[in-house]
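J.: Take this sequence and fold it.
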Amino acid sequence: MSDTINYGQLMHQAMRRLIAQVLSDVARDGLPGEHHFFITFTTNHPGVDLPDWLRERYPDEMTIVMQEWFKDLTVDDQAFSVTLNFGNQEVPMTIPLDAILTFVDPSVEFGLRFEAAEGENPEPDESPMIEIDDDTDDDATEGDAEVVSLDSFRK
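T.: Numbers count the residues shown, from 1 in each chain. The predicted structure is shown next:
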């Protein structure tokens, strides 16, 4: 037993459960209203299942957008799987919840950031909430997944 309660790790686990619940609801009911997600994850995390060409293009981290078109979304307490469209090619992928670095829903100015490694406490003065400045580009081709930089979503 540890001498301290690891609040940072407990908070990260709770936030990942929240993401799993949101994705489970979307898998069951679809995306409501204007909701859409930018999900950044580490591509080299154990359990991430991507085609080799995507892993080569994004060897460290990648951002996916779940908005207009996605299918086969399934979620469990460890990971989610989804099929997205990259250049008119349907690409299935599996992403462990522990691989997620950021989860952003700009339609409601909501975001979560996971900066501390699993098992470490985040800095006490840093909030896991992301301040959102919605500068999203609406010029993306409908139905195509898009990899974007989250710099506009960071403090």
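J.: Could you pull out the helices in this structure for me?
T.: Shown for the chain, the helices assigned by DSSP state H span residues 7-29, 52-57.
J.: want to throw these into TSV with mean neighbour count and mean pLDDT?
T.: Quick note: C-beta positions are derived from backbone N, CA and C, even for glycine. Listed next are the helices of the chain as TSV, based on neighbours: other C-beta atoms under 10 Å; pLDDT from 0 to 100:
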stretch	mean neighbour count	mean pLDDT
helix 7-29	15	93
helix 52-57	12	92
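J.: Under the pLDDT cut-off, which ranges of this structure? List them.
T.: Low-confidence segments of the chain (pLDDT under 70): 1, 115-155.
J.: for the helices of the chain, which one sits closest to G111?
T.: When the helices of the chain are compared for distance to G111 using C-beta to C-beta, the nearest one is helix 7-29, at 10.7 Å.
J.: what helices or strands is that closest one leaning on?
T.: Contacts defined by 3 or more C-beta pairs under 8 Å, 6 or more residues apart in numbering; DSSP states H and E place helix 7-29 against strand 71-75, strand 100-105, strand 110-113.
J.: Return the most buried member of the ones you listed.
T.: Ranked by mean neighbour count, those are led by strand 100-105 with a mean of 21 (mean count of other C-beta atoms under 10 Å).
J.: Please export the C-alpha coordinates of it as PDB.
T.: Provided in PDB are the C-alpha atoms of strand 100-105 (Å, rounded to 0.1, in the frame of the first residue of the first chain):
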ATOM      1  CA  ILE A 100      -5.500   9.000 -25.600                       C
ATOM      2  CA  LEU A 101      -3.700  12.300 -25.100                       C
ATOM      3  CA  THR A 102      -6.500  14.700 -25.700                       C
ATOM      4  CA  PHE A 103     -10.300  14.500 -26.200                       C
ATOM      5  CA  VAL A 104     -11.900  17.600 -27.500                       C
ATOM      6  CA  ASP A 105     -15.600  18.400 -28.400                       C
END
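J.: circling back: let me have the helices and strands packed on helix 7-29 in TSV, extended by distance to R55.
T.: Shown next, in TSV, are these (distance: least, C-beta to C-beta, whole Å):
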stretch	distance to R55
strand 71-75	20
strand 100-105	16
strand 110-113	23
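J.: No further questions, thank you.
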